[in-house]
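Engineer: Pasting a predicted model and its sequence here:
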Amino acid sequence: MVQLLFAIALVLLAGVFAAADAAISTVSQARADGLARLGLPGARHLAAVVAERRRHINLLLLLRLGCELTATVLVTVFVGTRLAPLGLAVLVTAVVMVVVSYVLIGVGPRTLGRQHPYRIGRYVAGPVRVLGSVLGPLSRLLILIGNAITPGQGFREGPFTSEVELREAVDLAQERGVVEDSEREMIHSVFELGDTVAREVMVPRTEIVWIERTKTVRQALALALRTGFTRLPVIDESVDDIVGVVNIKDLMSAYMDPDGSSTVVDTLMNEASFVPDSKRLDELLKEMQRSHHHMAIAVDEYGGTAGLLTIEDVLEEIVGEITDESDADERPEVEELSDGAVRVSSRMSVDDLGELFGIDLEDHDVETVGGLLAERLGRVPLPGAEAEVAGLRLFAEGGKDRRGRMRITSVVVHPADADAVTDPADRTTRRRTRLPHPDERDRSVEHA
């Protein structure tokens, strides 16, 4: 009978070790330190145990296995003296201990440890530290033996071994209401920042608003106020020769001085930051923070200006579109029309368009919808141009830009098997859009 009582005590003790193992594995180091600063009972011991999580978890595993094996031996002795033959006693012991180990040591205690990690952790942390001090050398010796037998295998540092696991944890937290959906999207956007390059978010070369270095403060200030931009690239002979960036604050300060309005812009400009258009956004954001530059000029593989982007463009990839008063009238990137078609920005990525219609557009060597239309036409698309690509019918819309050149700003997309546009407003738009003469097209694509 004594053997059975000892076995029951060891099973209960093994359950405590299993609960402690699950709790300590779940506890966050940051929160444990926070509880310790609040002075909660046992929190200081918990923070110390979590700081050496691997050593203490291996110790708890050793103690739990020791209790289970010893309890199994005691139950075997107890049953063997009362039940014959010996084979039947061993079978009964095996069945009983499997059920007991699964329920009273495996599932039950570990579930409690995961559900109440901080409460259980604070209760067991003190005794675990004492056991760690006493049995630490034995635990380390067994770990060394295990590592020698199975090199490269061991306890992983932290609860996640890959980005996928961390993304799944964020999704699970959102499903359980721990984080909001917007917070989940923001966290996912942070991961995607390293997979996005500058050319995907930059303002393209054709849409850059610049000022010549020989212009006066009055002219530059008028351009900045008219366009709503607070920083303007300063060029020498062409947009491929950007020599600096001028800030509207410097323009205002110079304008307030007597005779300051006639000051030449290149005396006020700051150094421009140049980056390859293939630079990843996470690296670019760090570089902008380090250099205190809010604007970067993206350069293509030939050394020409490909576009520009600001720190706001990078942050929008994390938090979503940022608009101010001057952006209030801008169209959304995707606008559903009454006839089932959609109007999208000409700068929308090809991948997003493919996802929108459930088709694969990866074979096309372009980045944007405007580029997709240009690839199909074999020339620069102008307002009124139309083409069919991968089962989609694309119709270009737009008008004159700030320098009077014809540019497309949006594209109406229909499935190719759909009927022609039936909305009267769209028909009117098509009839009133004049297709430029070929000579006029050539003139419209010349760079300033």
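Structural biologist: Perfect, I can see it now.

Engineer: low pLDDT regions in this structure?
Structural biologist: Low-confidence segments of the chain (pLDDT under 70): 150-162, 322-332, 363-364, 400-405, 416-448.

Engineer: any idea how far Leu112 is from Tyr123?
Structural biologist: Distance from Tyr123 to Leu112, counting by CB to CB, to the nearest Å: 11 Å. Yep, even glycine has a C-beta here, placed from its N, CA and C like the rest.

Engineer: Then Ala47?
Structural biologist: Remark: distance between Ala47 and Leu112 (CB to CB) = 21 Å.

Engineer: next one: Ile24
Structural biologist: 13 Å.

Engineer: Comparing the two, which residue is more hemmed in?
Structural biologist: Neighbour count, other CB atoms under 10 Å: between Ile24 and Leu112, Ile24 has more, with 23 against 17.

Engineer: Helix or strand: which one has that one?
Structural biologist: helix 2-26 (DSSP states H and E).

Engineer: Now find how far off-centre that helix is within its chain.
Structural biologist: 42 Å (CA atoms, centre = their mean, to the nearest Å).

Engineer: Phi first, then psi, for Lys279.
Structural biologist: phi -70, psi 140 (degrees, to the nearest 10).

Engineer: Give me the secondary structure label for Glu388.
Structural biologist: Of the three states, Glu388 takes strand under DSSP: H, G, I helix; E, B strand; the rest coil.

Engineer: How about it: which residues does it bridge to?
Structural biologist: Counting by DSSP bridges, Glu388 is bridged to Arg393.

Engineer: and Val128, what does it touch?
Structural biologist: Neighbour list for Val128: 20, 24, 45, 49, 56, 59-60 [criterion: CB atoms under 8 Å, 6 or more residues apart in numbering].

Engineer: Among the residues you listed, name the ones in strands.
Structural biologist: Assigned to strands by DSSP state E, none of those qualify.

Engineer: ok, so of those residues, who is nearest Val170?
Structural biologist: Ile24 (23.0 Å; CB to CB).

Engineer: Quick check: can you list the domain ranges of the chain?
Structural biologist: Domain assignment for the chain, taken from automatic domain parsing, gives 2-149, 163-193, 198-321, 331-444.

Engineer: burial of the closest residue to Ala51 other than its chain neighbours, as a residue count?
Structural biologist: Closest residue in space to Ala51, ignoring its immediate chain neighbours: Gln29 at 6.8 Å, by CB to CB, 6 or more residues apart in numbering. Residues near Gln29, counting by other CB under 10 Å, number 13.

Engineer: same question, Ser139
Structural biologist: Neighbour tally, Ser139, other CB under 10 Å: 20.

Engineer: and if you look at Ser291?
Structural biologist: Neighbours around Ser291, by other CB under 10 Å: 11.

Engineer: Quick check: it touching Glu271?
Structural biologist: No - with contact defined as CB atoms under 8 Å, Ser291 does not count as touching Glu271 (9.2 Å).

Engineer: so where do the helices sit in the stretch 201-350 of the chain?
Structural biologist: Remark: helices assigned in the stretch 201-350 of the chain by DSSP state H, counting those that start in this stretch are 217-227, 248-256, 281-291, 311-319, 350-357.
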